[in-house]
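Novice: could you look at this predicted model? Sequence included:
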Amino acid sequence: MTLFTLLLVLICERLFKWGEHWQLEHRLVPLFRKQHHFSLIRTVGLVVLVMLIFTLILHAIEGLLFGVVSLVVWILVGVLCIGAGQSRQHYRDYLHSANQQDVTGHQAMAEELSVIHPMSSNISDKFYLRELQNALLWINYRFYLAPLFWFVVGAHYGPVFLLGYAFLRAWQGWLAKQNRQHREQSGVDILLFWIDWIPVRIVGLAYAFLGHGEKALPAWWRFMTDFRHKPYHVLSVLAQFSLERDPCQDKVEMPRIAVALAKRITLVIVLITAVLTLAGVIL
């Protein structure tokens, strides 16, 4: 059921999810606006409560209409949690502005794409575009690869794990746009640091194999015992080994190369999931 649901979710996401309407982040805005106290305990309490309520819902609908209701709920949660509809639109707007030589426009879109890890403006164009590449790769990880990981690892409770991860992602994104101090007080960055520790290294290994193995694999091995660097840094370093195969300094082509690489990695992860499912490792 996991593989079947995953394929349906990815098809729906690709065909219909172009804006924020089918994005969990958009649906949670009213809840986030009501929050006036920020702490790690409160963040943990919120995500546990959400996961617990959804677990009870899954148990309540289990077996209804021969499992059709459960399948629909799995797909609905997957569509809401997997995919970056709004970020995809920002990326298209960036390309359009860059093609039109609209400096203000493409810089504004670049800032939207890098809201979680803001880019420095006091750097050369080469490093600025590299940071934009890293931001796009991170979006692919946050909205596709990490959700896929928790959806698959969760097995029968995959939607619960997926919803919990997407809730924390949405909470972090909301706070990043509102108040830096509240983001620090909430502890959401600390939670996601540990939650992302394993999946970001699995994804990083895939990037390492696609890049210069003689450089990437030793770096990946060092990160396996590294508890200091943020997941964003780990992913960026390993992904850049792969991007070195396509040297470019064009403000349109460099982002496109990063997005193309991200799509290849996503396809690899889906194929691995399919193989593990056929082998009986994943149900």
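Specialist: Nice, I can see it. Note that the structure is predicted; figures quoted are calculated from it, not measured.

Novice: what's the nearest residue to V69 if we skip its chain neighbours?
Specialist: I61 (4.7 Å; CB to CB, 6 or more residues apart in numbering). (Glycine included, C-beta is placed from N, CA and C.)

Novice: pull the contacting residues for the one you found.
Specialist: By CB atoms under 8 Å, 6 or more residues apart in numbering, the contact list for I61 reads V69, S70, V73.

Novice: quick one, which of those are buried?
Specialist: Buried residues within those, counting neighbours by 16 or more other CB atoms under 10 Å: S70, V73.

Novice: in the helix or strand where P218 lies, which of the residues would be classed as buried?
Specialist: According to DSSP states H and E, P218 maps onto helix 213-223. Using 16+ other CB under 10 Å as the test for burial, helix 213-223 gives A216, L217, A219, W220, F223.

Novice: okay, that helix in CSV with CA atoms only?
Specialist: C-alpha atoms of helix 213-223 as CSV (Å, rounded to 0.1, in the frame of the first residue of the first chain):
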residue,chain,number,x,y,z
GLY,A,213,33.2,9.8,-5.2
GLU,A,214,36.9,10.2,-4.3
LYS,A,215,36.0,13.5,-2.7
ALA,A,216,32.3,13.0,-1.7
LEU,A,217,32.5,9.7,0.1
PRO,A,218,35.2,10.7,2.5
ALA,A,219,33.2,13.8,3.3
TRP,A,220,30.1,11.8,3.8
TRP,A,221,31.9,9.4,6.1
ARG,A,222,33.1,12.4,8.2
PHE,A,223,29.5,13.6,8.5
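
Novice: report the mean confidence score over that helix.
Specialist: Averaging pLDDT along helix 213-223 gives 83.

Novice: stretch 169-180 too?
Specialist: Throughout stretch 169-180, pLDDT has a mean value of 92.

Novice: what's that stretch in contact with?
Specialist: By CB under 8 Å, 6+ apart, stretch 169-180 touches 24-25, 28-29, 32, 38, 43, 46-47, 115-116, 142-143, 146, 182-183, 186, 188-189, 192.

Novice: tell me which residues in that stretch are buried?
Specialist: R169, A170, W171, Q172, G173, W174, L175, A176.

Novice: closest one of the residues you listed to L238?
Specialist: R169 (20.7 Å; CB to CB).

Novice: shaky segments in the chain?
Specialist: Where the chain drops to pLDDT under 70, the residues are 17-19, 121, 211-213, 283.

Novice: just want the most central residue of it.
Specialist: R142 (1.2 Å; CA atoms, centre = their mean).

Novice: where does that one land in three-state SS?
Specialist: helix (DSSP: H, G, I helix; E, B strand; the rest coil).

Novice: residues contacting it?
Specialist: Contact analysis of R142 by CB under 8 Å, 6+ apart lists A84, I116, R169.

Novice: what are the buried residues along the helix or strand hosting L46?
Specialist: Using DSSP H and E, L46 falls within helix 40-61. Buried residues in helix 40-61, counted by 16+ other CB under 10 Å: T43, L46, V47, V50, M51, F54, L58.

Novice: wait, doesn't E20 sit right on G85?
Specialist: Yes. Applying CB atoms under 8 Å, one finds E20 in contact with G85, separated by 6.1 Å.
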